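Visitor: Kindly return the folded structure for what I paste below:
(2 chains)
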Amino acid sequence: AQSVTQLDSQVPVFEEAPVELRCNYSSSVSVYLFWYVQYPNQGLQLLLKYLSGSTLVKGINGFEAEFNKSQTSFHLRKPSVHISDTAEYFCAVSDRGGNTGKLIFGQGTTLQVKP
Amino acid sequence: DTAVSQTPKYLVTQMGNDKSIKCEQNLGHDTMYWYKQDSKKFLKIMFSYNNKELIINETVPNRFSPKSPDKAHLNLHINSLELGDSAVYFCASSQRLAGGGDTQYFGPGTRLTVL
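Guide: Take a look at the predicted model:
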């Protein structure tokens, strides 16, 4: 079985400050890793994903994440946030060898960017 | 030209009623999903379909019946609605089912409120 834990339910930060949203996962099999963003009253949109290769993944809107296999983590970072980054962020995993496409989501982290 | 669309966006109904939510994708994808997001924003997969074939049924009550008339459409019918069914329901699609690494594209969601 797989599970995803997002360690912070809310992260308040001032505009132009750096931010890190933490994600740890547990799985008995190899996984793919994803970060999705949900803006208020909208559906989810992919920020970035790790499939293979370089453990540092760059995504849209200046976000990046680093896969750390030994720590089973996939933390999301941005060096300087904007007000428009205020949203709900979800970390997710899927079974690398699976045939269902099933995504397991974390509980979400609310990023609140203050002026 | 929305990639994944859902109707209706809002649905308010009484307990015991039957209702349907429709989903369409114009991305040419083979696989479609239904997710439920509860009041704490936790997302959980309910169903997935691949080329009109049911792949995942995540222990969802049989009051929920998905139907896929073709691979571009996946509808969700709910019988005998209960208070606990109140949630936001998201439709999603991905290119393929196998492997789990494909990006899932989400619709805008349908907010169901059962009174």
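Visitor: C-alpha from now on. contacts and neighbour counts both.
Guide: Noted.
Visitor: Pass me the low-pLDDT residue ranges in chain A, would you?
Guide: Within chain A, no range satisfies pLDDT under 70.
Visitor: Recalculate using a threshold of 90.
Guide: A:1-2, A:27-30, A:41, A:95-102 (pLDDT under 90).
Visitor: And the strands in chain A?
Guide: Assigned by DSSP state E, chain A shows strands spanning A:3-6, A:10-14, A:19-21, A:23-26, A:31-38, A:44-50, A:56-58, A:64-68, A:73-78, A:87-95, A:104-105, A:109-114.
Visitor: Please identify the most buried of those strands.
Guide: Highest mean neighbour count of those: strand A:87-95, a mean of 26 (counted as mean count of other C-alpha atoms under 10 Å in any protein chain shown).
Visitor: and that one with strand A:109-114, angle?
Guide: On the basis of axes from the mean of the first three to the mean of the last three C-alpha atoms, to 10 degrees, strand A:87-95 is oriented at 150 degrees to strand A:109-114.
Visitor: Strand partners (parallel or antiparallel) of strand A:87-95?
Guide: strand A:31-38 (antiparallel), strand A:104-105 (antiparallel), strand A:109-114 (antiparallel) (DSSP bridges).
Visitor: what inclination does it have with respect to strand A:44-50?
Guide: 50 degrees.
Visitor: Now do the same contact list for residue B:32.
Guide: Contacts for residue B:32 (C-alpha atoms under 8 Å, 6 or more residues apart in numbering or on different chains) come out as B:48, B:49, B:50, B:71, B:74, B:91, B:92, B:93, B:94.
Visitor: actually residue A:43, not the one I typed
Guide: Going by C-alpha under 8 Å, 6+ apart, residue A:43 touches B:90, B:106, B:107, B:108, B:109.
Visitor: again, but for residue B:46
Guide: Contacts of residue B:46 by C-alpha under 8 Å, 6+ apart are B:33, B:34, B:35, B:36, B:56, B:57, B:58, B:59, B:60.
Visitor: Same check on residue B:51?
Guide: B:30, B:31, B:70, B:71.
Visitor: Strands - which of these land there?
Guide: Checked against DSSP E, the contacts of residue B:51 include these in strands: B:31, B:70.
Visitor: Now rank the contacts of residue B:51 by neighbours and give me the top one.
Guide: The residue in the contacts of residue B:51 with the most neighbours, by other C-alpha atoms under 10 Å in any protein chain shown, is residue B:31 (28 neighbours).
Visitor: Could you pull up the residues touching that one?
Guide: B:48, B:49, B:50, B:51, B:71, B:93, B:94, B:95, B:96, B:97.
Visitor: my guess is the first one is in a strand, correct?
Guide: Think residue B:48. Yes: applying DSSP: H, G, I helix; E, B strand; the rest coil, one finds residue B:48 inside a strand.
Visitor: before we move on, the earlier item: from the contacts of residue A:43, list just the buried residues.
Guide: Listed as buried from the contacts of residue A:43 are B:90, B:106, B:107, B:108, B:109; burial here means 16 or more other C-alpha atoms under 10 Å in any protein chain shown.
Visitor: among those residues, which are in reach of chain A?
Guide: Checking the buried ones among the contacts of residue A:43 against chain A by C-alpha under 8 Å from any C-alpha of the partner chain, the ones in range are B:90, B:106, B:107, B:108, B:109.
Visitor: want to try CSV for these, with secondary structure and pLDDT as columns?
Guide: Shown next, in CSV, are those (DSSP: H, G, I helix; E, B strand; the rest coil; pLDDT from 0 to 100):
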residue, secondary structure, pLDDT
B:90, strand, 96
B:106, strand, 95
B:107, coil, 96
B:108, coil, 95
B:109, coil, 96
